[in-house]
Structure formats: structure tokens, C-alpha cells
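**Student:** below is the sequence, then the predicted model.
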Amino acid sequence: MRDFRYEETSVCKNSRGEKIKYGIMFFLSVFSWIIVLFLILGILYFPIIKDNVLASVVVYLVMILFFVASAIVLGRFKYRFNVDYDYTIITGSVRINKVMNNVKNKEIAEFDPADIIKVGKTDDQNFLRISESPDVEELIATSNLKLIDFAYYIYVVINSRKTLVILDCTERFIANLAPFVKHDVICL
């Protein structure tokens, strides 16, 4: 059997708004780091109240810690905005990657097509039955879940856990996945 590769990208439909949110988080993070720098310079170069030196230093340190924490949190939080997903089928595996701001790439799932239990549309009765099951972990691999009429789902075993993966892919992706799964798995 020859090697096969198919890749598809789910692009965020509201990318302009997501880019603005990402930019705001980035700006606030950088601004927090600048405030931290000024606070450190303030401790070093500005006079401290001589009556209560300990209180002045404690206030500066609390402010520095607050702005360092906010800079780190905002810097991490910005990666929740402007997110796209890549779906890749390679002969022996299916990979789902999260692409943040078209720069940072993180693999969120990889599984063997033989481990797929069911594939279908999210407006299907099977999807409702599977999603209500208590032992199923849900993995949403689309930024457009509220903006599209339907998506596709893949019910698969990943690392010995049953996982329901929700995708915003085309029917061509499912058709390219079909030769690698059992014949009764895909129900469209």
C-alpha cells in the first residue's frame, strides 16, 4: 500500500474579531511587563518613605507580583483567540493540531484510524446518544461550532479512553478517511 497524506484546515469564521481580541491580550500582557519594569526601577531609584521602609517595600513587591502574574496570565490567555485547526490523515494515523494565531502549532490528538468506532454528522441521533454517555470525553476541534449548521464527529478510542472529537471538516476529509476505517463505521 502506498503512502497517503491529506490535510485540511478549519479556519475561524470570525477571524477579524478574534485577531482584535488576540491583539488586546498581547498589548495588555506587554503593558503589564512594562509596568513591572517601572516598578523595579521605582524600588531602585526613587526614595522610599523613611518612616516605614518595610511597608513601602512590601507594597512595591505586591504590585510587582500582581503585574507579573497578570502579564503571564494574559500572555497565556491570548492563545485562546484566533485559533484554527489542522486535520491530517497520513496512512497510519489521523492528527489534529491546534494552530494559534497562524504561528504556534500544538498537537491535540493523534490516533489510528483502526481505533475509530463511529463517524457521522452532529445532527445525527447517534451523536446525541454518544455525547450523553457519561464515560465519553469530548474534544471540540473547531472554532466555528456556534457559527455552522452542522459539523462532523469522530467517536474514537484515544489512549484507552473513549473520545468524541467534533470537527469542522468537509465531506472530502471523511471520504479520504473511509479507506482506513472499518466499512460499518461511517454513517452519513
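**Tutor:** Yep, it's here. Because the structure is a prediction, the values reported are computed rather than measured. Numbers count the residues shown, from 1 in each chain.
**Student:** what ranges does this structure have for its helices?
**Tutor:** 15-45, 53-77, 125-131, 171-177 (DSSP state H).
**Student:** next, the angle from the first one to helix 53-77.
**Tutor:** Think helix 15-45. Between the axes of helix 15-45 and helix 53-77, defined by axes from the mean of the first three to the mean of the last three C-alpha atoms, to 10 degrees, the angle is 160 degrees.
**Student:** one step back: how about the helices of the chain, which one is nearest Glu8?
**Tutor:** helix 171-177 (4.9 Å; C-beta to C-beta). Quick note: C-beta positions are derived from backbone N, CA and C, even for glycine.
**Student:** in the protein, where is pLDDT below threshold?
**Tutor:** Within the chain, the segments meeting pLDDT under 70 span 1-2, 14, 46-51, 145-149, 187-188.
**Student:** before we move on, the earlier item: the helices of the chain into CSV, with extra columns for distance to Asp3 and mean neighbour count?
**Tutor:** Below are the helices of the chain laid out as CSV (distance: least, C-beta to C-beta, whole Å; neighbours: other C-beta atoms under 10 Å):
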stretch, distance to Asp3, mean neighbour count
helix 15-45, 33, 14
helix 53-77, 37, 14
helix 125-131, 32, 14
helix 171-177, 13, 16
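**Student:** for Ile96, which of those helices is the nearest?
**Tutor:** Ranking these by proximity to Ile96 (C-beta to C-beta) places helix 171-177 first, at 11.1 Å.
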